[in-house]
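Generate a structure from the sequence data that follows.
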Amino acid sequence: MAELESIIEQKLIDQLIYGESQWTYRADLKTEEDLWNNFRYILEQNNKDRLNGEQLTDAEFDQVKNQLQFSSFYKAGEWLVGENGKVMVHVQRDTEKLHLVVMNHEHIAGGSSVYEVINQYRALADEDVQIKAQDRRFDVTLMINGLPMIHIELKNKQHSYMEGFRQIKKYIGEGKFAGIFSAVQMFVISNGLDTKYFSAASDTELNPKFISGWLDKDNNPVTDYLEFAKSVLRIPEAHEMIARYTVLDEDAKRLILLRPYQIHAIEAIRDASRTGRSGFVWHTTGSGKTLTSYKATRNLLMDIPTIDKAIFLIDRKDLDTQTTMAFQAYANNDLIDVDETDNVTDLKRKLKSDDRQVIVTTIQKLQRLITKRLEEGTADYNKIKNRRIAFVVDECHRAVTPGTKREIERFFGNSLWYGFTGTPRFAENPYPQMGDLPRTTEELYGKRLHKYTIQNAIHDNAVLGFQVEHNGSKNLSDETNSSVYENETHMLKVLDVILNKSFHKLGFQNGKGQTYEGLLTTSSIQIAQKYYELLKRVKNEETSLQIDEKIRQVLPDFPKFAITYSVTENEEGSHVNQQKMQESLDDYNEMFGTKYDLAQIQGYNSNLNKRLARKDPKFKSRTEQLDLVIVVDRLLTGFDAPCMSTIFIDRQPMGPHDLIQAFSRTNRIFDKNKAYGQIVTFQAPKLFKDSVDNAVKLYSAGSTETALLAEWEEIEPAFRKSLNALRASAETPEEIPTMSKKEKQVFVKMFQNFDKLFAQLKSFSKYDDNMLEGYGITEEEYDDYAGYYLNIKEEINADKDDPLELDVPVIDMDYELMAYSHTKIDYEYIINLIQNIVTPNDEVDITPEQRQKQIGEVKQYIEDLRKDNAKIADIMNNLVCEIEQDENKYKGQSILNLVENMKHDCIEKIVSEFCDTWYVSKDDVMYAATHYKNGEILNENAIKVTADFAQYKAKQEKAMPKFKYYAQMMSELRSTLDEEIKPLINN
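Numbers count the residues shown, from 1 in each chain. A predicted model of the protein is given here:
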């Protein structure tokens, strides 16, 4: 028998307060009033001097409470950064302003810090909020100086930890994390066996894909809840997670909690720097290296008093990518002064300054300063030369050549060097031989300080694996002859794959506004330009290539595309390049209402990057999205766009590090439907396959198994086999309702396996819907199987405490269907667009015209939705009309919960009217309504048993006979459920 949740809860508390732990258990704190009183006491104790020994008056404490009512977890995070390491509240006392310290981040595990644990806190329903909710009990919460910082939801071993995630999401939507609980920064969920953590976010932004487990320094998982508590939740680790390892992403307006491998790497650098050692960190591309290197850089300055400056070095080529932009987005709210250098003079001034600061600069500026701008023997020369500097180098295999690094090291004799790379140089792929210069990353930087390979990252769900397809002629005697591909016939074949055979690659199954993006990379600017012009002709229907109607139905404006490459003054052909780039800028300006010309190419590139990244809520709207960008080398490194799913490569194979860098643009975690990064090559298929296999082996500790998904030749027979197994478990969907519980469980497992392979099959360019006839299944039959599958999962969930049958395959209860298409307008997508209207970015002024444009777009989507679901469309339309009339009406509220409650009200009204007519139990009909799928009324007998025929007969002038009453009642219930209820439950 599974352990009770109350016992798991008690064991966790015992672990937290055990031995030398600094957590104190507070059994007496159960309500919001208790917590405010406790916070007030701690605040007064820590600020006796500032308060002149007097306590706060109630009016003064109300001022404090007002400052702690955060509109979002991100806003709480901004406040928690503090002022010079101190988190403050400000109180007006008569004519004097008192600055009170709430928390001091220098007092981790000591000083003024107070660490307390509470459990079974009662979160009461708020009468004033227009959200139907009830009182809730929270499991365990960890508080620092009286403020809830880390909240933990526990389940027993019979339940998935994901139930804790869904519970937290529900509570956030209900407004339970308001008041003093609005300060929470981190959530932990566990069923005892599996323990995960994630950063606090609004209910619509919480994404299961960003849930992280804990790893030890050698990347071994730590899953048991008590072991997790020892590793992560003890002091000082828990306080450090909040104060040192939380990052505020200013662009996306969200909190980021570092993953364990990032924390271990930062600590390894800190340990090395304390003993004067340099070294490098190998973290696979896509696992958040820029974020890790940023935190490592600023922590070096904070932790090591002997360091004068921490310099984050990047290559000039990376300036038009996201590195600097991301660095600035992370640093915007930081304590540390992070400065980007405008020019060499600016860099010189900053190096001379005695301020301890993080400097972001290019290798080229630094090299110019020390070789051309500093005269030996001068005061400036000596001062700068003697600075104790820690250099952190992003993409260190590319940013600094061995010769340049030696030159800089000889100048800065007191320097430490920390390189970050996802693709180190090994003996197998060294730098070219140049005299006695180092040729591998280890020779260049020193010992590896931490390693996190592609295999590790895929295993931990930190990145996705790759699915690779090699197209192009397999009969060429010389695959290196690229001239055979430089013709329009070949290019139209490539575009046919991109435009007509990438339905699943580009996420068309997700529906309008939620599709993914692709990159097309070519070998030269000239070919990139030819592709751009050819694509314009295809879109204008001036070529033999037609865009499939199936594609147009989802996105009538597909493809929306752009091009980017380096435009230089002095290279051959630069005049033509500039002219053609201006033409493409004109197209871009027309598409998005921007005003870029050649003089603002940096601004264009920055806008393009942001548009592709889609981190700003503005770019979640289809009108602001791109589908494809044509590039040569730009965006193939250091660029992070999680919604990018596919790279189409029409060029010869690159070297191992360049290949993995390019591939890694596609494998960022995004939404529940993006299952892998996808690569399609169009030249030299045999050479490419060898190059890819070798590159992946090199960067994933010798194996391609985890990183590379199986190819068509393996997936297609596996799919056939899984279809046979599905048919064996349930020959047709219609026979499923009559199966035994054990048979249903077997069907669920077989269908999950089939669905996974079906989704993978669909993602290949070779796949065509017409193939299904040959396989002996139709999309409609798949949908019927899926409907019954979802029903059975509901049944299993309803009987959570009834153990599953023995001798059946293990079912993944958190599995999300992957082959399911949602090409209709998506309910949650519209919810998110409405949420962006009522909760806009505070820092961005939205004009009335822009707001009206957003509302107009939402109304258009609602009208598209009306074709499929008029009832939901009516609810949403009424809501949007209210918002249009009063922009403050629902400000700060969860639109998802508002709509869910409006739906619930409609269902309740329909059910009440039915029960008043037929004299049946409202509870039973409500259960039937909320569990109705595929024409099944799960509790039909219970409804008949509780029906009060006598009362019905007494109230009717012409009552029908008893036998007709039951038949007619059930017939009317079925039609009510089909016509009235089903549209409100199935979004």
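
mean confidence for stretch 278-293?
With pLDDT averaged residue by residue, stretch 278-293 scores 90.

should've said stretch 205-222
On average, the pLDDT along stretch 205-222 is 93.

Specify the local secondary structure of residue 472.
Residue 472 carries the three-state label coil when classified by DSSP: H, G, I helix; E, B strand; the rest coil.

Run the chain-centre distance for stretch 847-867.
Centre-to-centre, stretch 847-867 and its host chain are 26 Å apart (Cα atoms, centre = their mean, to the nearest Å).

meant to ask about stretch 907-924
Average the C-alpha atoms of stretch 907-924, do the same for its chain, and the two points are 42 Å apart (Cα atoms, centre = their mean).

in that stretch, what counts as buried?
Buried residues in stretch 907-924, counted by 16 or more other Cβ atoms under 10 Å: 907, 910-911, 914-915, 918-921, 924. No exception for glycine: its C-beta is placed from N, CA and C like everyone else's.

For those residues, which two are the farthest from each other?
Taking Cβ to Cβ, the two most distant members of the buried residues of stretch 907-924 are 907 and 919; they sit 19.3 Å apart.

The buried residues of stretch 907-924 into JSON lines, with extra columns for secondary structure?
As requested, these are arranged in JSON lines below (three-state DSSP):
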{"residue": "907", "secondary structure": "helix"}
{"residue": "910", "secondary structure": "helix"}
{"residue": "911", "secondary structure": "helix"}
{"residue": "914", "secondary structure": "helix"}
{"residue": "915", "secondary structure": "helix"}
{"residue": "918", "secondary structure": "helix"}
{"residue": "919", "secondary structure": "coil"}
{"residue": "920", "secondary structure": "coil"}
{"residue": "921", "secondary structure": "coil"}
{"residue": "924", "secondary structure": "helix"}
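
ok, the residues you listed vs residue 950, which is closest?
Proximity of those to residue 950, judged by Cβ to Cβ, is greatest for residue 919, which lies at 8.6 Å.

and the closest one, what is it in contact with?
947-949, 951-952, 955 (Cβ atoms under 8 Å, 6 or more residues apart in numbering).

Hmm, residue 195 is touching residue 223, no?
Yes - in this structure, residue 195 is within contact of residue 223 by Cβ atoms under 8 Å, at 5.8 Å.

so how many other residues sit close to residue 305?
Counted with other Cβ atoms under 10 Å, the burial measure for residue 305 works out to 8 neighbours.

one step back: and residue 195 and residue 223? which has more neighbours close in?
residue 195 (28 against 18).

buried residues in stretch 837-857?
By 16+ other Cβ under 10 Å, the buried positions in stretch 837-857 come out as 837-840, 846, 854-855, 857.

again, but for stretch 144-164
In terms of neighbour count (16+ other Cβ under 10 Å), stretch 144-164 has its buried residues at 144-156, 159-164.

now stretch 777-785
Taking 16+ other Cβ under 10 Å as the basis for neighbour counts, the residues of stretch 777-785 that come out buried are 777, 782, 784-785.

How about the backbone phi and psi for residue 357?
In this entry, residue 357 is assigned phi and psi values of phi -150, psi 160 (degrees, to the nearest 10).

so it bridges to which residues?
Under DSSP bridges, the beta-bridge partners of residue 357 are residue 309.

re the thing from before, quick one: which of the contacts of residue 919 is the most crowded by neighbours?
The most neighbours, when the contacts of residue 919 are compared by other Cβ under 10 Å, belong to residue 947, which has 22 neighbours.
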